[in-house]
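A.B. asks: Here's a sequence, model it:
(one chain, ligands or ions: 1)
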Amino acid sequence: RQAYVNGRYTPHNDAAVHIEDRGYQFADGVYEVVPVYNGILVDEEPHLDRLERSLRELQIEMPMSRAAMKLVSRELMRRNNLSRGFVYMQITRGVAPRDHKFPTKPTAPALVMTTRQMKPHSAEALEKGVKVITLRDIRWERCDIKSVSLLPNVLGKQAAAEAGAYEAWQIDDEDNITEGTSANAWIVTDSDTVVTRHANNGILNGITRMALLDLIEKEGFTLEERPFSVEEARAAREAFVTSSSSFVMPVTQIDDKPVGNGHPGLLTMKLRETYIAYMNSLKEA
Ligand code: PLP
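C.D. replies: Below you'll find the predicted structure:
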């Protein structure tokens, strides 16, 4: 397996960055995880749009043109024989003597790309659905930036793992659910309305979220993008999460309470099928 590090393809196990990389010292960088399905990068353009936006918000330059980024991803996929999994891209402000403010001498942004193979989702998770716990959202006010600064997310996911759960849904000061630690949160109400929190600086606007919003509209389901409370989620008929790694994953337990009848929701599974059919319809750009 190979990785791409600042202009070179190197064996994954030997790939390394400088100890004064600002990503390492300050988490001063951003990333993207692009799913690969049937050998195709899923929603590559929106992922690169979001990457460019994250960089712009932090005043970090793109390390190379968008066309070059696409070539490197494809070359790495080819070298690693990747047909199902992810391409991970990370860009930091680069290497400079440790000092919080931006370096005054221009530094070249550092780019790392890796790939990882992914197994199909476990039949058990899909048949039973997954559990989520809820906890306080202790993140910052720019969750719209896909920053590598992920400590609250790490702590949340660890708390979930310790509770035997798949995800932790985070709760803001108004007692509304923002999102999971690495996935967007959705519920389905008794009147078959699909609800997910509106995208602003309080959540990361998932690429899967956006793709699914389009599909929901095309399929003619009723949709509301708005805050929803923990109580509303616990009383919901169905719940699910979306992300590049889980696609659409049914949630059947929130804290200690089953969602609906405790089985993956019918509409949820229909949306999962619709999303997978969408991925299967994609052709190489
Ligand atoms: N929310 C957070 C905090 C995330 O880290 C992620 C993805 O890792 C998502 C949502 C889902 O985004 P996407 O669908 O682009 O993977």
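
A.B. asks: Tell me which residue in the stretch 51-200 of the chain sits closest to the ligand.
C.D. replies: residue 182 (4.0 Å; Cβ to the nearest ligand atom). C-beta coordinates here come from the backbone N, C-alpha and C atoms, glycine included.

A.B. asks: Now residue 170: closest residue in space, sequence neighbours ignored.
C.D. replies: Using Cβ to Cβ, 6 or more residues apart in numbering and skipping residues adjacent in sequence, the residue nearest residue 170 is residue 137, 3.5 Å away.

A.B. asks: what's that neighbour in contact with, if anything?
C.D. replies: The contact partners of residue 137, by Cβ atoms under 8 Å, 6 or more residues apart in numbering, come to 152, 170-172, 178.

A.B. asks: Next, format these as CSV and append neighbour count, distance to residue 121 and secondary structure.
C.D. replies: Shown next, in CSV, are the contacts of residue 137 (neighbours: other Cβ atoms under 10 Å; distance: Cβ to Cβ, whole Å; DSSP: H, G, I helix; E, B strand; the rest coil):
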residue, neighbour count, distance to residue 121, secondary structure
152, 18, 26, helix
170, 24, 23, strand
171, 17, 27, strand
172, 16, 29, coil
178, 19, 24, coil
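
A.B. asks: and these near the ligand, which?
C.D. replies: Among the contacts of residue 137, not one lies near the ligand by Cβ under 6 Å from any ligand atom.

A.B. asks: Name the residues of the stretch 101-250 of the chain found near the ligand, please.
C.D. replies: 179, 182-184, 204, 206-209, 242-244.

A.B. asks: mind listing which of these are in strands?
C.D. replies: If you go by DSSP state E, these have 184, 242-243 in strands.

A.B. asks: Compare those residues and tell me which has the most neighbours.
C.D. replies: When neighbours are counted by other Cβ atoms under 10 Å, residue 242 leads these with 27 neighbours.

A.B. asks: Bridge partners for it, pull those for me.
C.D. replies: Bridge pairing for residue 242 (DSSP bridges) gives the partners residue 184, residue 248.

A.B. asks: show me the contacts for it.
C.D. replies: Residue 242 neighbours (Cβ under 8 Å, 6+ apart): 183-184, 186, 206, 208-209, 212, 248-249, 275.

A.B. asks: repeat for residue 128
C.D. replies: So residue 128 contacts 252, 263-264 (Cβ under 8 Å, 6+ apart).

A.B. asks: Phi and psi next, for it.
C.D. replies: phi -100, psi -20 (degrees, to the nearest 10).

A.B. asks: Outline the domain layout of this structure.
C.D. replies: Residue ranges for the domains of the chain, per automatic domain parsing: 2-117, 123-280.

A.B. asks: Same list (those domains) but as CSV, adding mean pLDDT.
C.D. replies: As requested, those are exported to CSV (pLDDT from 0 to 100):
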stretch, mean pLDDT
domain 2-117, 97
domain 123-280, 98
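
A.B. asks: ok so, going back, looking at the contacts of residue 128, which is nearest residue 87?
C.D. replies: residue 264 (28.9 Å; Cβ to Cβ).

A.B. asks: SS state for that closest one?
C.D. replies: coil (DSSP: H, G, I helix; E, B strand; the rest coil).

A.B. asks: For the closest residue to it other than its chain neighbours, which residues are in contact?
C.D. replies: The spatially closest residue to residue 264, leaving aside those adjacent along the chain, is residue 250, at 3.4 Å (Cβ to Cβ, 6+ apart). For residue 250, the contact set (Cβ under 8 Å, 6+ apart) comprises 126, 129-130, 238-240, 264-265, 268-269, 272.

A.B. asks: ok so, going back, quick one: which of the residues of the stretch 101-250 of the chain next to the ligand has the most company?
C.D. replies: Neighbour-wise, these (other Cβ under 10 Å) top out at residue 179, 29 neighbours.

A.B. asks: close enough to count as contact, that one and residue 203?
C.D. replies: Yes - between residue 179 and residue 203 there is a contact at 4.5 Å, judged by Cβ atoms under 8 Å.

A.B. asks: Residues that sit against both of these two, list them.
C.D. replies: Counting by Cβ under 8 Å, 6+ apart, the residues touching both residue 179 and residue 203 are 143, 197.

A.B. asks: Quick check: the residue of the stretch 51-200 of the chain closest to the ligand touching residue 168?
C.D. replies: No - counting by Cβ under 8 Å, residue 182 does not reach residue 168; the two are 9.5 Å apart.
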